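Trainee: Following is a predicted model, sequence given first.
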Amino acid sequence: MAKNFGGFGGMPQNMNNLMKQAQKMQKQMEEAGKQLEEAKVTATAGGGAVSVTVTGKKQLLEVKIDPEAADPDDIETLEDLIVAAVNEALRKADELSANSMSKITGGLGGLPF
């Protein structure tokens, strides 16, 4: 019977290293998740007429509307500005999250796969 299990003689040590890396990555991801919950991203539309703030986890925190932007005869424009500001804030939150995760997973090329 082969002592090295078909050429995988170093497998237990490599498996231990892999498990340690996975645990480290899991801890880093948990920390990044906490940071994203605390991070705030703000976006504006209409030259600042509408301002929206969301967390890095995409929770809407605040909507500010310049009173001059609230024309009762043109509510549709205000609605469009709110949608634009929210979408931009969510895009920024996605970017923040992607950047945060890439810092953690950027070292995956060194794993023995």
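Mentor: Perfect, thanks for sending it.
Trainee: how close does residue 22 sit to residue 35?
Mentor: Counting by C-beta to C-beta, to the nearest Å, the gap between residue 22 and residue 35 amounts to 20 Å. Where C-beta positions appear, they are placed from N, C-alpha and C, glycine not excepted.
Trainee: Between the two, point out the one with more neighbours.
Mentor: Comparing residue 22 with residue 35 by neighbour count (other C-beta atoms under 10 Å), the higher total belongs to residue 35, at 14 against 11.
Trainee: Surely the more buried one and residue 100 touch.
Mentor: Yes: at 6.8 Å, residue 35 and residue 100 qualify as touching, with contact defined as C-beta atoms under 8 Å.
Trainee: which residues do the two both contact?
Mentor: residue 56 (C-beta atoms under 8 Å, 6 or more residues apart in numbering).
Trainee: Can you list the residue ranges for strands in this structure?
Mentor: Per DSSP state E, the chain carries strands over the ranges 40-45, 50-55, 60-65.
Trainee: The second one: how far from the chain's middle?
Mentor: Using C-alpha atoms, centre = their mean, to the nearest Å, the mean C-alpha position of strand 50-55 is found 16 Å from that of the whole chain.
Trainee: can you tell me which residue is nearest the centre of the protein?
Mentor: Closest to where the C-alpha atoms of the chain average out (C-alpha atoms, centre = their mean) is residue 97, at 1.6 Å.
Trainee: Which elements pack onto the helix ranked longest in the chain?
Mentor: Longest helix in the chain, counting residues (DSSP state H): helix 75-105. If you count contacts as 3 or more C-beta pairs under 8 Å, 6 or more residues apart in numbering; DSSP states H and E, helix 75-105 packs onto helix 11-38, strand 40-45, strand 50-55, strand 60-65.
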